[in-house]
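Visitor: quick one, what's the 3D model for this:
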Amino acid sequence: MSYITVMGAGSWGTALAWLLSSKGYDITLWVHGKNLVDEIRKTRINNVYLPDITLPHNIRITNSFSDALTKARYTVNAVPAQYTRSVFKEALPYIDGETIIVSVSKGIERRTLLTVSFILKEFSHHPVAVLSGPSFAKEVIKKLPTAVTLATEDKNIGLLLQEIFNVNNFRVYTHNDVLGAELGGALKNVMAIAAGISDSLSLGNNARATLITRGLVEMTRLGVAMGAKERTFSGLSGIGDLVLTCSSPLSRNYTVGVKLGQGFKLKEILTQMRSVAEGVATSESAYELSKKYNIEMPIVEQVFRVLYEDKNPALAVRDLMERSLKPEFYE
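Guide: Numbering: from 1, shown residues only. Below you'll find the model as predicted:
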């Protein structure tokens with residue numbers, strides 16, 4: 001069977017390694033840090049990020065790039081967006097020339113303002129596909145019904161990867177808008193922080209529904225300006241992922257928002273978290289992109305100001321509500 005390597009042993013990377021192993025594929029899971037490698041090898045459990053499953057023995061565990069990548073036909077990037085560049089620059093010499101990369105990271109790199117596929121394409125000539133959609137790792141490993149989008153510019157590669165990733169309770173659709181799929185997956189994390197703030201301030205269901213709806217408008221507006229397809233944001237990688245992350249405490253970004261609304265400072269929140277909340281860094285990138293493309297994104301702006309300018313969350317809500325009146329739809 002196809003030899004697949006998953007780079008990154010966070011909750012999602014671990015869940016995907018387990019999912020693919022259930023189809024009989026030989027999987028290698030690259031883990032950052034020797035201590036965690038040793039622990040997972042010994043216990044077959046990733047106690048740090050996904051302690052709810054025991055990993056089968058057709059998943060090899062390593063922290064060696066050479067061991068992980070030399071024979072891999074498919075490489076899944078589950079490294080957080082802000083670390084993808086540094087990890088893959090070091091890993092690149094070991095990646096086979098025929099390897100197809102599938103990115104499942106959701107974020108926008110600081111400073112460069114690039115999505116993950118564009119980071120990978122910047123210093124590699126490998127085809128890059130994107131897997132995105134409403135998919136909490138804890139629900140995937142419970143075999144609860146999940147549907148995602150696999151976006152790639154090459155139709156044949158898309159059909160091939162669709163067959164590889166599709167499992168009975170994990171349905172994979174194909175799409176050709178790589179940028180749109182990535183932007184949806186990245187920007188919804190910013191909106192999830194806003195939703196967490198809203199819920200922690202007990203602003204109610206009306207407010208959360210408004211945030212989701214207007215958040216989708218902002219995501220779409222920026223995406224179209226950057227060259228993505230408008231319809232992508234009405235799909236699984238857009239509104240599907242947005243609704244999920246704005247409505248559940250399983251979302252790390254939603255949890256960040258809740259803590260902010262409770263009065264905790266960002267540094268304190270991040271210190272207490274084991275997993276990366278991609279929306280924190282992406283909020284800064286999204287705010288800079290809104291300025292670059294001259295796109296009005298008031299929710300993104302207020303989340304940015306709460307995170308990076310220590311603005312009071314309640315004041316941010318007030319400023320959103322007291323903006324000048326305008327039509328809901330306009331060109």
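Visitor: rest of the way, CA atoms for contacts and neighbours
Guide: Fine.
Visitor: and the spatially closest residue to residue 99 that is not a sequence neighbour, how far from residue 316?
Guide: Computed as C-alpha to C-alpha, 6 or more residues apart in numbering, the closest residue to residue 99 that is not its neighbour in sequence is residue 73, at 4.8 Å. According to C-alpha to C-alpha, to the nearest Å, residue 73 and residue 316 sit 48 Å apart.
Visitor: how about residue 164?
Guide: 45 Å.
Visitor: and the two? which has more neighbours close in?
Guide: Taking other C-alpha atoms under 10 Å, residue 164 and residue 316 do not tie; residue 316 has more neighbours (19 against 15).
Visitor: still on that earlier bit, quick check, the residue nearest to residue 99 in contact with residue 98.
Guide: Yes: assessed by C-alpha atoms under 8 Å, residue 73 is found in contact with residue 98 at 6.8 Å.
Visitor: more neighbours, the two?
Guide: Using other C-alpha under 10 Å, the more surrounded residue of residue 73 and residue 98 is residue 73, with 17 against 12.
Visitor: contacting residues around the more buried one?
Guide: With contacts defined as C-alpha atoms under 8 Å, 6 or more residues apart in numbering, residue 73 is in contact with 2, 3, 4, 96, 98, 99, 100.
Visitor: who wins on neighbours among these?
Guide: residue 4 (26 neighbours).
Visitor: quick one: list the elements packing against the helix or strand hosting it.
Guide: Assigned by DSSP states H and E, residue 4 belongs to strand 3-7. Strand 3-7 sits against helix 11-21, strand 26-30, strand 74-77, with contacts defined as 3 or more C-alpha pairs under 8 Å, 6 or more residues apart in numbering; DSSP states H and E.
Visitor: give me the contacts around the longest one.
Guide: The one in question is helix 11-21. Here helix 11-21 makes contact (C-alpha under 8 Å, 6+ apart) with 6-8, 27-29, 46, 49-50, 55-56, 58-59, 77-79, 136-138, 140-141, 164-165, 167.
Visitor: let me know the pLDDT of the residue nearest the centre of the chain.
Guide: The residue lying closest to the centre of the chain (C-alpha atoms, centre = their mean) is residue 106, at 2.4 Å. pLDDT, the model's per-residue confidence, is 97 for residue 106.
Visitor: does it touch residue 80 like I think?
Guide: Yes: using C-alpha under 8 Å, residue 106 is in contact with residue 80, at 7.4 Å.
Visitor: what do the two both touch?
Guide: By C-alpha under 8 Å, 6+ apart, residue 106 and residue 80 have these common neighbours: residue 278.
Visitor: ok so, going back, nearest residue to the residue nearest to the centre of the chain other than its sequence neighbours?
Guide: Nearest residue to residue 106, sequence neighbours excluded (C-alpha to C-alpha, 6+ apart): residue 186, at 4.7 Å.
Visitor: and if you look at residue 96?
Guide: Nearest non-adjacent residue to residue 96, counting by C-alpha to C-alpha, 6+ apart: residue 70, 5.8 Å away.
Visitor: now do the contacts for that neighbour.
Guide: Applying C-alpha under 8 Å, 6+ apart, the residues contacting residue 70 are 94, 95, 96.
Visitor: number of nearby residues for the first one?
Guide: By the criterion of other C-alpha under 10 Å, residue 94 has 17 neighbours.
Visitor: give me every residue that touches residue 248.
Guide: Per C-alpha under 8 Å, 6+ apart, neighbours of residue 248: residue 254.
Visitor: ok but it is inside a strand, no?
Guide: No: per DSSP: H, G, I helix; E, B strand; the rest coil, residue 248 lies outside any strand segment and is coil.
Visitor: could you measure from it over to residue 136?
Guide: In this structure, residue 248 and residue 136 are 10 Å apart, going by C-alpha to C-alpha.
Visitor: the protein: strands as residue ranges?
Guide: Under the criterion DSSP state E, the chain contains strands at 3-7, 26-30, 59-62, 74-77, 100-103, 128-132, 146-151, 170-175.
Visitor: so which of those is the most packed in?
Guide: Across the strands of the chain, the average number of neighbours (mean count of other C-alpha atoms under 10 Å) peaks for strand 128-132, which reaches a mean of 27.
Visitor: for that one, packing partners?
Guide: strand 100-103, helix 116-123, strand 146-151, helix 178-200.
Visitor: lowest average pLDDT across those?
Guide: Mean pLDDT values for the helices and strands packed on strand 128-132 show the minimum at helix 116-123, a mean of 95.
Visitor: ok and it relative to helix 178-200, angle-wise?
Guide: On the basis of axes from the mean of the first three to the mean of the last three C-alpha atoms, to 10 degrees, helix 116-123 is oriented at 140 degrees to helix 178-200.
Visitor: show me where pLDDT drops low in the chain?
Guide: Scanning the chain for pLDDT under 70 picks out 1-2, 331.
Visitor: domains in it, by residue range?
Guide: For the chain, automatic domain parsing gives the domain ranges 3-178, 187-321.
Visitor: got JSON lines for those, with distance to residue 330 too?
Guide: As requested, the domains of the chain are exported to JSON lines (distance: least, C-alpha to C-alpha, whole Å):
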{"stretch": "domain 3-178", "distance to residue 330": "24"}
{"stretch": "domain 187-321", "distance to residue 330": "11"}
